[in-house]
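Q: predicted model and sequence below, questions to follow.
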Amino acid sequence: TFARTELKHELGLFAQDSWTLHRLTLTPGIRFESLEEGYPVQDAPAGRFVAPRHFDAVSCYPCWKDVVFRVGAAYDLFGDGKTAIKGSVGRFTNTETYDTADLYNPMNVVTDQRTWTDPNRDDIAQDSEIGVSTNRNFGIQTRFPDPGLKRPYQMLYSLGAQRQLTGGVSTSLTYYHRSYRRIIATENTLVPIAGFGTEYTPVSISDPRGNGQTITVYNLKPEYVGLVRQLDYNSNINYRTYDGFDVNVEARMPGRINLIGGTSTGKFHRFTCEVQNPNSLRGCDAQQPFMTALKVSGSVPLKYGLRFSAIFQSMPGQTFERDSL
């Protein structure tokens, strides 16, 4: 198969300004964004498991228009230009090119899992040896956007202070809060959501951690296996947040030597408990503890116009999510 996705247009128009009133400086800005994606006419010949396929061209898949803003403020605390209180609030849409249309392109590769027995031991998967399909919609489009699907965005808030310690040396402390909005959730519209007990059968299995206990997992009932029609929508329940503190020191030393260093300490909270599969409830409310990263960099001028620079970073390791069960 050959899948082709098109970015019809991506437009951004913005206006910004800077206003000063005594010790206070404001920098407001507003931006209009327009995005259109789609795909052209697509055809594929018949294969062993699918008939010939034809898909008409689709535009506005999606067509998103958003107005976002950012406002920054800085206040000269003592009026001597050495201590500033700074803050900002802004709304930023998620980065897009052709990602959304590509997600729903019906020509994308799909998979189907089947059992196979080989009684004649010829190592060839013949039709009579292959089990039934677990994807009854194999070969056709199975994922769609909700008609009211909107572009996800983030709200970013910051508040901090910056102080000039001596000539060429300054330090700053900033608090950040980031909130992710319009998170996309997925529903299989061919499986009813009257209740987990209606569509799933609970099964007790041995705890894989080897503690002698059991845990409960859920199997989709046979009458729903292979029924797939996924609908993406903006969840009103799921969310994600980040809170962090940055401490930085910047020094411009004699001889044009520059040093920059600081720490970034933050934590994430991810709540994705609006799900259709009960197995996904395990770990759906995940909170990462505060973790700190350290970065130090500097540069020193050399002869003949050369410059030597170095960077040292100490980053937190990978975070694994586990449940207390």
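A: Great, that's in hand.
Q: helices of the chain, start to end?
A: Assigned helices in the chain, in chain order: 99-103, 196-199 (criterion: DSSP state H).
Q: isn't V50 right up against F138?
A: Yes: if you go by C-beta atoms under 8 Å, V50 and F138 touch, sitting 6.9 Å apart. All C-beta atoms are positioned from the backbone trio N, CA, C, and that covers glycine.
Q: quick one on the thing from earlier: of the helices of the chain, which stretch is the most buried?
A: helix 99-103 (a mean of 18; mean count of other C-beta atoms under 10 Å).
Q: so which helix or strand of the chain has the lowest pLDDT on average?
A: Ranking every helix and strand in the chain by mean pLDDT, DSSP states H and E puts helix 196-199 at the bottom, with a mean of 74.
Q: of all the helices of the chain, which one is nearest T115?
A: Minimum separation from T115 across those (C-beta to C-beta) falls at helix 196-199, 22.1 Å.
Q: how about low-confidence regions in the protein?
A: 194-197, 318-325 (pLDDT under 70).
Q: from S59, how far off is the closest residue to C63 other than its chain neighbours?
A: Excluding the flanking residues, the one nearest C63 by C-beta to C-beta, 6 or more residues apart in numbering is E36, at 5.0 Å. The gap separating E36 from S59 is 7 Å, by C-beta to C-beta, to the nearest Å.
Q: shared neighbours of those two, anything?
A: Jointly contacting E36 and S59 under the rule C-beta atoms under 8 Å, 6 or more residues apart in numbering are K8.
Q: and those two? which has more neighbours close in?
A: E36 (18 against 14; other C-beta atoms under 10 Å).
Q: OK, contacts around the more buried one?
A: E36 neighbours (C-beta under 8 Å, 6+ apart): L7, K8, H9, E10, S59, C60, P62, C63, W64.
Q: what residues are bridge-paired with it?
A: H9, C63 (DSSP bridges).
Q: that one and E6: what is the separation?
A: Taken as C-beta to C-beta, the span from E36 to E6 is 9 Å.
Q: what sits against the closest residue to V249 other than its chain neighbours?
A: Using C-beta to C-beta, 6+ apart and skipping residues adjacent in sequence, the residue nearest V249 is T171, 4.8 Å away. When contacts are counted by C-beta under 8 Å, 6+ apart, T171 touches Q162, R163, L165, V247, N248, V249, E250.
Q: among those, name the buried ones.
A: Q162, N248, E250 (16 or more other C-beta atoms under 10 Å).
Q: I figured the last one hits S297, correct?
A: Just to be clear, that refers to E250. No: between E250 and S297 there is no contact under C-beta under 8 Å: 10.2 Å.
Q: overlap in contacts, the two.
A: What both E250 and S297 touch, as defined by C-beta under 8 Å, 6+ apart, is the set L259, I260.
Q: gap between T5 and K150?
A: For T5 relative to K150 (C-beta to C-beta), the value is 20 Å.
Q: err, Y242, not the other one
A: Distance from Y242 to K150, by C-beta to C-beta: 21 Å.
Q: run through the residues that contact the closest residue to I124 other than its chain neighbours.
A: In this structure, I124 finds its nearest non-sequential neighbour in D118, 7.8 Å apart by C-beta to C-beta, 6+ apart. Going by C-beta under 8 Å, 6+ apart, D118 touches I124, A125, E129.
Q: need those in JSON lines (columns: neighbour count).
A: Shown next, in JSON lines, are the contacts of D118 (neighbours: other C-beta atoms under 10 Å):
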{"residue": "I124", "neighbour count": "8"}
{"residue": "A125", "neighbour count": "13"}
{"residue": "E129", "neighbour count": "15"}
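Q: mind listing the strands for the stretch 51-200 of the chain?
A: Along the stretch 51-200 of the chain, the segments classed as strands by DSSP state E, counting those that start in this stretch run 53-55, 63-76, 83-93, 143-145, 153-166, 169-181, 184-188, 200-206.
Q: pull the CA atoms of the second one into CSV?
A: Think strand 63-76. What follows is strand 63-76, C-alpha atoms only, in CSV (Å, rounded to 0.1, in the frame of the first residue of the first chain):
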residue,chain,number,x,y,z
CYS,A,63,-9.8,22.0,9.6
TRP,A,64,-8.8,23.8,12.8
LYS,A,65,-8.9,27.5,13.6
ASP,A,66,-7.6,28.8,16.9
VAL,A,67,-6.8,32.1,18.6
VAL,A,68,-4.0,31.9,21.1
PHE,A,69,-2.4,34.6,23.2
ARG,A,70,0.6,35.3,25.4
VAL,A,71,1.1,38.1,28.0
GLY,A,72,4.4,38.8,29.7
ALA,A,73,5.2,41.3,32.5
ALA,A,74,8.4,42.5,34.1
TYR,A,75,8.6,44.8,37.1
ASP,A,76,11.8,46.7,38.1
